[in-house]
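1. give me the fold of what follows.
(3 chains)
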Amino acid sequence: MRRENLTLLSLLLPAGAFFGAFFLLPLARLFLVGASGEGGFAAYATIITDKNHFASLIATLALAAATTATTLIVSGLAGVFLQRNEFPGNAALVAMLTFPLAFPGVVIGFMVIILAGRQGLIGDISLALAGEKVVFAYSMAGLFMGYVYFSIPRTILTVMATAGKLDPRLEEAARTIGASPWRVMIDVIIPGLKPAFISAGAICFATAMGAFGTAFTLATRINVLPMVIYTEFTLQANIAVAAALSFVLGAVTWVVLVAARSAAGGTVAAAG
Amino acid sequence: MRRRGPIFLAQLVFTLFVCAFLVVPVILSMLAGLTVNYFVGIQSGLTLRWVGEVWSGYRDTIFLSIGIALACLACTLVLGVPTAYVLARRQNALARALEELLVMPVAVPGLATALALIVTYGAVGGFRTSWVFILVGHVLFTLPFMVRSVLAVLMAIDLKSLEEGAASLGASFRQRFFHIVLPNCRSGILAGALMVVTLSMGEFNMTWLLHTPFNKTLPVGLADAYASLRLEIASAYTLVFFLVIIPLLVALQVLSQPPRTKSRAKQE
Amino acid sequence: MTAISEGAKSISIALQRCAKTFKDGTRALEPLDLAIDAGETVVFLGPSGCGKTTTLRIIAGLEAPDTGGKVLFDGADVTSLSIEKRNVGMVFQSYALFPNMGVTGNIGYGLKVRRRPRAEIAARVSEMLAMMRIEPLADRSIDQLSGGQRQRVALARALAVQPSALLMDEPLTALDAKLRDSLRLEIDQLLRRLGITTIYVTHDQAEAMALGDRIVVMEHGRVAQVGRPREIYQRPATRFVAEFIGNMNRLNGSVREGAFLTGAGCIPWPDAPADATEVFFRPEDVTLAETASHINGSIVGAFFLGDRTRLFVHVGEARPLVMETSTRRNFQRGEAVSLNIDPRGLMAL
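-> As a prediction, this is how the structure comes out:
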């Protein structure tokens, strides 16, 4: 009924107006500002043409990829294990693995310092064991550890949910044919978890690409794209460059998510 | 099958190690905030002095964070619940496209969103320097979570029949919305509310660019502290942050346990 | 306790050229004209997809008929009136009980919406609980109710507002057979007592025959026949109606001098149309004959049903004849029998 359509439309109006005014419009503006510098729209190509920018893009992509791979392996192993085995304390372990979900990057950066900084726990342990203090908080390795830290909670829930839906009969069938547990893992379980890996992996990748707080806390000289954008904006006042780079960053992450969604089918749950 | 063999053990040890990896730094950070002298370690004794300093120095920041989180909740309720209702009533391609659109601020890095807001509204002085500027960013980021939470609940009930039933009894649209629709998505609203408040309290990427020295949120304050202050105060500040956010996270966890299906008497 | 019928004025309902085409092009209803008297119970009967629910929803105001269609309540045009204003009571197939309100909340909702004073609502709710005999359920929540109990609450809720018409969309379909039988009787008694205009939609022909003053048999969006149950059963207008209602036997053959000649025998049929090549008759018009009679055949199935035996008799047609007999006798498969057909039950369609 037409009246109903009108009512529904008017209900959407507040959110629509808000979204249009504060997201769509600004993004459009950002795109234009990105082209307002000296090079015009060519500024968008600097991400490839400029050596530094390109290097930071590669570094960010590599970091995000490494984080995603590591996180998926860790979450896969731990998540499948927790989902399929009942033992006292299982729920507590799940809780421990998921509660860091909402920690901001800065806090995680701080914890990386606590673990791997100059007074860090890992340094103390390595000093006691090997006589040498291992300090890696302020390098890519520290950043990597921080990224894995905040990625595990986001991915493990998706993995566990899918693991819960796996059909045990497929594994039983494989085992009756004589497959070893290792082959069962490779040929049955991992393919079954593929949709979870794709969707969780996409979120993990996108989050790692855009993560800022952790890198900010650890050092202003780590060469990842978000940091580059930040320094261009605040220290160099290169608004156009910062705008162009951030627009590209945003586009890349959005494309990754959309591609993953169509590959996995169904909605990709954005974790907190 | 309960095979507690070596494979089980290996997986258990691995999982425990991962848990430790996640939990130990938190505990260490909290401890650091309570230690008299971090460099000496626990032997120097425990104290609340650092927490006290944080509280007196940064009380405003803490309250602003909480205030923004609550305002964010109010906004997402007003904007998000009607949106979820519309998406539940009309589940066509347009609705799905709208959902995708709503999720964009989550997919796009916070930096980009914040920059976009700044280049568009940075010149509007009063807006740029007020906490409302930060609020706008938070609402953009948390809105899809509220919408999705409420939408999930609304799709699980036969909304159309319930509304037709109410209409057949003479209820106007307003009456239907407040008597039937809202009460039946209560659990979705609650879960969404917790999510929104938690995310708002912890948001940094956007807030760092949107804030001013007079409008700082907890995470922003933390970044300042890490950069410039004694480790003990930074840790105490972190401890205060944990104290605020961990209860929220626990509540979220409790709520997301799959609800026990109520017993339905079907005998005659 | 007749307060519900006092002051409740039943209306007559008329549909004029009501058709319905949905947005995707499906033609759910061909132009339909129907007049329903005040206090009458009309049953829309047909298989799924025949348009019966669409018609009900047009009467309710949940769907609008295509342009040119009109819905009249007591002669007044209500086509553009939304359902909220039509004052009809509706019982849905899924009952549509509000989970956030208990039994009393649901029953009283219509009155709450009309802003009646609390005391009046409470009194009416007790009245409804008593009428539906569900007083013990007063404090229950909806998910604690069984299917039959929900049905009663749904009915109580619809009647509480003293609607001018009652619209019921397959209310018994979701229940098991025995419950359906007992509830059917209750609903029948209730409708007679209230005297309210009722539109009832079902695909169950036994329900239709039991409850309807008149039955509207529908097929593919069209009305196949409208009439009293007896008429529909004994004088079906089309083959579809004949085979949809009850069981129907069929024989091929030709008409010769006031009789119908088939491969299995000859049936006297004084009123036979000359060009008839098929004859139809109901199982109850078939009886066993002691000596050679109209039709001869052999038994291919005999089912002892307790109070009667159902026989399937092969007579050279694709489908065996169906008949029932109460003779206390064992029947053997392959046994030869002779059958009498009552000429009053013979139909040409």
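
2. show me the contacts for the spatially most central residue of chain C.
-> In chain C, the C-alpha nearest the mean C-alpha coordinate belongs to residue C:208, at 2.1 Å (C-alpha atoms, centre = their mean). Going by C-beta atoms under 8 Å, 6 or more residues apart in numbering or on different chains, residue C:208 touches C:43, C:45, C:200, C:202, C:215, C:229. C-beta here means a position set from N, CA and C on the backbone, and glycine is covered the same way.

3. let's see it at 7 Å
-> Residue C:208 sits next to C:43, C:45, C:202, C:215 when contact means C-beta atoms under 7 Å, 6 or more residues apart in numbering or on different chains.

4. quick check: residues of the stretch 151-268 of chain B near chain A?
-> Contact residues, the stretch 151-268 of chain B versus chain A (C-beta under 7 Å from any C-beta of the partner chain): B:173, B:195, B:198-199, B:202-205, B:219, B:222-223, B:226, B:234, B:238, B:241, B:245, B:249, B:253.

5. still on that earlier bit, among the contacts of residue C:208, which are within reach of chain B?
-> Among these, proximity to chain B is found for none (C-beta under 7 Å from any C-beta).

6. from the residues you listed, which two are the most distant?
-> C:202 and C:215 (9.8 Å; C-beta to C-beta).

7. residue B:138: how many residues sit nearby?
-> 25 (other C-beta atoms under 10 Å in any protein chain shown).

8. scratch that, residue C:329 is what I was asking about
-> 9.

9. return the distance of it relative to residue C:323.
-> Counting by C-beta to C-beta, to the nearest Å, the separation of residue C:329 from residue C:323 is 14 Å.

10. next: residue C:266.
-> 18 Å.

11. next SSE downstream of the longest helix belonging to chain A?
-> Ranked by residue count under DSSP state H, the longest helix found in chain A is helix A:51-84. Using DSSP states H and E, the helix or strand that follows helix A:51-84 in sequence is helix A:90-98.

12. go through that following helix and flag the buried ones.
-> A:93-94, A:96-98 (16 or more other C-beta atoms under 10 Å in any protein chain shown).

13. now, which of those sits nearest chain C?
-> residue A:94 (28.9 Å; C-beta to the nearest C-beta).

14. leaving out sequence neighbours, find the closest residue to the closest one.
-> Spatially, and ignoring its direct neighbours in sequence, residue A:94 is nearest to residue A:82 (5.7 Å; C-beta to C-beta, 6 or more residues apart in numbering or on different chains).

15. need the contact list for the one you found.
-> Per C-beta under 7 Å, 6+ apart, neighbours of residue A:82: A:90, A:93-94, A:160, B:15.

16. could you check how far residue A:161 is from residue C:234?
-> 61 Å.

17. which residues touch the nearest residue to residue B:110 once chain neighbours are set aside?
-> If the residues on either side of it in the chain are set aside, residue B:110 comes closest to residue B:205, at 2.9 Å by C-beta to C-beta, 6+ apart. Applying C-beta under 7 Å, 6+ apart to residue B:205 gives the contacts A:212-213, B:109-111.

18. and whatever residue of chain C ends up closest to chain A, helix, strand or coil?
-> For chain C, the residue closest to chain A is residue C:64, as judged by C-beta to the nearest C-beta, at 6.6 Å. Following DSSP: H, G, I helix; E, B strand; the rest coil, residue C:64 is assigned to coil.

19. can you read off the pLDDT for it?
-> Residue C:64 is assigned 91 on the pLDDT scale.

20. equivalent analysis for the one 3 residues further on, please.
-> At residue C:67 the predicted local confidence, pLDDT, stands at 90.

21. how many neighbours does it have?
-> 8.

22. phi and psi next, for the closest residue to chain B within the stretch 151-300 of chain C.
-> Of all residues in the stretch 151-300 of chain C, residue C:179 sits closest to chain B, at 5.6 Å by C-beta to the nearest C-beta. The phi/psi pair for residue C:179 (degrees, to the nearest 10) reads phi -60, psi -40.
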